[in-house]
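Colleague: Return atomic coordinates for the entry below.
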Amino acid sequence: MPILNRAAELQDEVAGWRRHIHENPGILYDVEHTASFVADRLREFGVDEVVEGIGRTGVVGIIKGRLGEGPTLGMRADMDALPLNEITGKPWASKNPGKMHACGHDGHTAMLLGAAKYMAETRNFAGSVAVIFQPAEEGGAGGLAMVEDGMMDRFGIQKVYGMHNMPGLPVGQFAIRPGPIMASTAEFTVRVKGRGGHAAMPHGNIDPIVTASQLVLAFQTIVSRSTDPVDSIVVSVTKIHAGDAYNIIPEMVELAGTVRTLRKEVQVKAGERMREICDGMGAAHGARIELDFEANYPVTFNHAEETEFAAMVAGEVAGEPNVMAGIPPVMGGEDFSYMLERRPGAFIFIGNGDTANLHNPAYDFNDEVIPHGISYWVRLAEQSLRA
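Modeller: Now for the predicted structure:
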């Protein structure tokens, strides 16, 4: 079936919710405004149970079907924004300096709210739907916090699904794959400690900038020379801090960055090689090098049966030719991975059209996507929870 008529009717109302959320962004777990807005809407819809404070500031709503007993299906949206200054100039631009919805979580939340309103009206399924509104996806592991708060067992969730918008993919299209669809994440910080002094007399110093510069290049050999070419890995140095003057060699340089992989074993090996490179480079230059390597989000791994089912549902909404069922993995990270470690399910991308890219200060969620997202969520429930 194509887009639901009711979903199309709801577009303007849901876009209004989305823009309100966009105007009032919160970072990580500080999403009290959005969480309260979500909980108020769910109660207005007549959702059977609304629980706040799951995973600190998460919200879960339970909608019971009218077709009898059955399992509980989880559907998750993220609520948090990013630490960016918005430059869109839109009437609904962020009112909070240094915070903006640059990843579309406002749209994800609004679409799931729209689906919750529809499902609370129709209840055309057996069992229950748990609509999950999660904080702190952007680096705070809010998905893990909700899982560790007992969400899956408390609400009897047996399968769980997630969705994210994708700029560049046309509106009305979906993309998915079985197996690893998004990468694991790790962050590293390196402190190179030398001996500072006059820049005109480098022979009497231990220059940490020279050492750090060689580290940046050496880390790339982890990708090109230490990892099987058929494995995917990204090692990116994203921060370098050192020095305050033109004529002084500083005492210390600090580097930081991220490692992304599609297999845990590759992430572990990357951390080991990074430590070996730091030890060797420190010995070669007479510098002391400290490395902090922290593994964070695991690989987002789509379960085969649930991925096939999600692709089928997306095909009913968009038409089978508009579903890319074998998209290449994306090397970004996603903490929906924690939920997929606890329950079978799948994560799907929905087209956001020709917009600025994610995490860009010019990005804005495309409200034309709303009916497609609502229709996907509703059909997922009705097909999965048949009487």
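
Colleague: ok, Gly204 to Ala93 distance?
Modeller: Distance from Gly204 to Ala93, counting by CB to CB, to the nearest Å: 53 Å. Backbone N, C-alpha and C define where each C-beta goes, glycine included.

Colleague: Please say which of those two ends up with more neighbours.
Modeller: Ala93 (15 against 9; other CB atoms under 10 Å).

Colleague: mind checking the SS state of the more buried one?
Modeller: Put simply, Ala93 is coil when judged by DSSP: H, G, I helix; E, B strand; the rest coil.

Colleague: How about it: what's its closest non-neighbour residue?
Modeller: Leaving out its chain neighbours, the residue that sits closest to Ala93 by CB to CB, 6 or more residues apart in numbering is Glu86, at 5.0 Å.

Colleague: Hmm, that neighbour is touching Pro361, no?
Modeller: Yes. Using CB atoms under 8 Å, Glu86 makes contact with Pro361 at a distance of 5.8 Å.

Colleague: Now stretch 68-87: buried residues?
Modeller: 70, 72-82, 84, 86 (16 or more other CB atoms under 10 Å).

Colleague: hey, where'd the helices end up in the stretch 201-350 of the chain?
Modeller: Ranges of helices in the stretch 201-350 of the chain, per DSSP state H, counting those that start in this stretch, are 208-219, 221-224, 264-285, 304-318, 337-342.

Colleague: Nearest to Asp244 among these would be which one?
Modeller: helix 208-219 (12.5 Å; CB to CB).

Colleague: Which elements pack onto the closest one?
Modeller: Judged by 3 or more CB pairs under 8 Å, 6 or more residues apart in numbering; DSSP states H and E, helix 208-219 is in contact with strand 179-193, strand 233-242, strand 252-261, helix 264-285.

Colleague: anything in contact with each of Glu86 and Pro361?
Modeller: 100, 102 (CB atoms under 8 Å, 6 or more residues apart in numbering).

Colleague: Low-confidence regions, this protein specifically.
Modeller: Filtered on pLDDT under 70, the chain yields the residue ranges 1.

Colleague: domain ranges for it?
Modeller: 5-178+303-384, 183-295 (automatic domain parsing).

Colleague: what's the most buried one of these?
Modeller: The highest average neighbour count among these, using mean count of other CB atoms under 10 Å, belongs to domain 5-178+303-384 at a mean of 20.

Colleague: Tell me the secondary structure at Glu86.
Modeller: The three-state assignment at Glu86 reads coil, by three-state DSSP.

Colleague: quick one: contacts for it?
Modeller: With contact taken as CB under 8 Å, 6+ apart, Glu86 is in contact with 93-94, 100, 102, 361.

Colleague: Then Val317?
Modeller: Neighbours of Val317 in contact, by CB under 8 Å, 6+ apart: 1-3, 174, 372, 375-376, 379.

Colleague: ok, which pair from those residues is furthest apart?
Modeller: Spanning the widest gap among the contacts of Val317 are Met1 and Phe174, at 14.6 Å by CB to CB.

Colleague: Tell me what Ala186 is bridged to.
Modeller: Beta-bridge partners for Ala186, by DSSP bridges, are Val259, Ala295.

Colleague: separation between it and Ala126?
Modeller: Counting by CB to CB, the gap from Ala186 to Ala126 is 42 Å.

Colleague: so what's Ser337 closest to, chain neighbours aside?
Modeller: Ser337 sits nearest to Thr300 (CB to CB, 6+ apart), 4.2 Å away.
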